[in-house]
Every structure is written in C-alpha cells, then in structure tokens.
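Visitor: sequence and predicted model, in that order:
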Amino acid sequence: GDSVTQMEGPVTLSEEAFLTINCTYTATGYPSLFWYVQYPGEGLQLLLKATKADDKGSNKGFEATYRKETTSFHLEKGSVQVSDSAVYFCALSPGGYNKLIFGAGTRLAVHP
Amino acid sequence: DAGVIQSPRHEVTEMGQEVTLRCKPISGHNSLFWYRQTMMRGLELLIYFNNNVPIDDSGMPEDRFSAKMPNASFSTLKIQPSEPRDSAVYFCASSPGGTGTDTQYFGPGTRLTVL
C-alpha cells in the first residue's frame, strides 16, 4: 500500500543553520505531496504542497521539490530560526483520493 | 473564520465509559476527517466524510468506535465502551472539496485519557 518514510528525529540545529528533512514515498498513480507542521499543543497546519512531478512548493523560507524519479519530497530551509522548532510531517494523498497518509514525523529543535 | 472547532479539548474518563468528541468544520467545507495521534502509531485516519456521507471508515479500529455527521456543520466521534488503549489525541480536519490536492485544515485536537 501507499506509505511515507521520514528521517528519524530529533534534529537539533543552531539558529541560522541549514535544514534538510528527508522524505520518500511509495504510491501507485500520481499522488499529491504535502508537508505539515505541528507546533506544541496545536493541530497540524499546512506548510507547503506539490501536486505534480517537478513542482516546487515553498512557504516561509521552506522549500520541497516533488521528485518522481527518486520518489522523494525533501524539506529544506536555508536558515532556521528558534521559532521553527516543531514537528514536521510529510504526507501524501493518493491520486484522485481525498485522504492523507502521514509519515512518522520529525521533531526539529533549534537553539539560539 | 474561526477554523475547525473541537470540543472538549481534554477528556479524562474511566474505562468502560462512553466518550463523545465533537467537531465543527470550517463553513463551506465539504469534507471532514477524523484522525488519531499516538506515540506508537503516529497519525492515523479513522474516517472521512464527503458531503456528510461516510466515504472511508477502514481506519476505525473496531465496533466500539462510531462517527456521525448529521449535517454540514457538525460531526461526532463516539467510543463506547472506552478502553485505556484509546488514550490519544483525536484531531478533526476539514477541506474545501473532495480531491486529493486539497489542503486539510486541522482543529486543535482533543486529548483523551482513559484510566
């Protein structure tokens, strides 16, 4: 079945460091891909998405490119801030089907 | 808009009791989802509705769980009887349409503890 695999956390970085969180997926057809973020005590909120191969999603300095050839959707940010500390979830929505399949989540801690 | 509203935010109950979680989706959204989040299993989709009709309930763990959506502005998730292994954070989410490209908007969650 469809699935999402994320790098295990926690990821601990200093402020202004470069961030990469790896995400790979297994899916039949043409899924849409998402990154959601969960701040402590809150629900998830969409960070960015890409709906077809080679699309790049971006928001708040975060970017991810939909790579069909490597079945990946890695999240990157050039300079993280303390306020970026949260849990990040990679997810896919199977083609034509309105549901989300989530990865296990990666906790990011950014220190001053 | 107020966003997705869930109640209660916290619920502590004893094993065997009935628990009802409530959700009000964003006005105008056609799809509604219930998720469960635990340390062991992560985020799991329990059930989702489109235009108030249940479309996929394959994630509902067992017959003790039931969900209803009597109208476009209200949904409930009921557990009867509750068990300690049901302790989790339950999220409700809604989306504007019924396609896989839609963004889902999550509520703040209900933290359920079953003693």
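Guide: That came through, no problem.

Visitor: please list the residues of chain A that sit near chain B.
Guide: A:31-32, A:34, A:36, A:41-46, A:49, A:51, A:89, A:93-105 (C-beta under 8 Å from any C-beta of the partner chain). All C-beta spots, glycine's among them, are computed from the backbone N, C-alpha and C.

Visitor: hmm, which of those are the buried ones?
Guide: A:31-32, A:34, A:36, A:43-44, A:46, A:49, A:51, A:89, A:93-95, A:97-105 (16 or more other C-beta atoms under 10 Å in any protein chain shown).

Visitor: show me these that map onto strands.
Guide: Of these, the ones assigned to strands by DSSP state E are A:32, A:34, A:36, A:44, A:46, A:49, A:89, A:93, A:101-102.

Visitor: over to residue A:61: give its phi and psi.
Guide: The phi/psi pair for residue A:61 (degrees, to the nearest 10) reads phi 90, psi -10.

Visitor: residue B:11 contacts residue B:109, doesn't it?
Guide: No: contact between residue B:11 and residue B:109 fails when scored by C-beta atoms under 8 Å: they sit 11.0 Å apart.

Visitor: quick one, which of those two is more surrounded?
Guide: Between residue B:11 and residue B:109, counted using other C-beta atoms under 10 Å in any protein chain shown, the more crowded position is residue B:109 (24 against 19).

Visitor: residues in contact with that one?
Guide: For residue B:109, the contacting residues are A:42-43, B:6, B:9, B:37, B:89-91, by C-beta atoms under 8 Å, 6 or more residues apart in numbering or on different chains.

Visitor: can you tell me which of these are buried?
Guide: Counted by 16+ other C-beta under 10 Å, these give A:43, B:6, B:37, B:89-91 as buried.

Visitor: what number of residues lie near residue B:27?
Guide: Using other C-beta under 10 Å, residue B:27 is surrounded by 10 other residues.

Visitor: ok, residue B:15 to residue A:59 distance?
Guide: Separation of residue B:15 from residue A:59 (C-beta to C-beta, to the nearest Å): 43 Å.

Visitor: ditto for residue B:66
Guide: The value you get for residue B:66 to residue A:59, if C-beta to C-beta is used, is 37 Å.

Visitor: kindly report the same for residue A:37.
Guide: In terms of C-beta to C-beta, residue A:37 sits 10 Å off from residue A:59.

Visitor: shared neighbours of the two, anything?
Guide: By C-beta under 8 Å, 6+ apart, the residues touching both residue A:37 and residue A:59 are residue A:47.

Visitor: widest-spaced pair of the buried ones among the contacts of residue B:109?
Guide: Greatest spatial distance among the buried ones among the contacts of residue B:109 (C-beta to C-beta): B:6 and B:37, at 12.8 Å.

Visitor: what is in contact with these two at once?
Guide: Common neighbours of residue B:6 and residue B:37, using C-beta under 8 Å, 6+ apart, are B:90-91, B:109.

Visitor: so residue A:37 and residue A:59 - more neighbours on which side?
Guide: residue A:37 (21 against 13).

Visitor: per-residue pLDDT of the more buried one, please?
Guide: pLDDT, residue A:37: 97.

Visitor: residue 108 - nearest residue in space that isn't next to it in sequence?
Guide: In the absence of a named chain, this looks at chain A. What sits nearest to residue A:108 in space, not counting adjacent residues and going by C-beta to C-beta, 6 or more residues apart in numbering or on different chains, is residue A:11, at 5.0 Å.

Visitor: try again with chain B
Guide: Residue B:108 sits nearest to residue A:43 (C-beta to C-beta, 6+ apart), 5.0 Å away.
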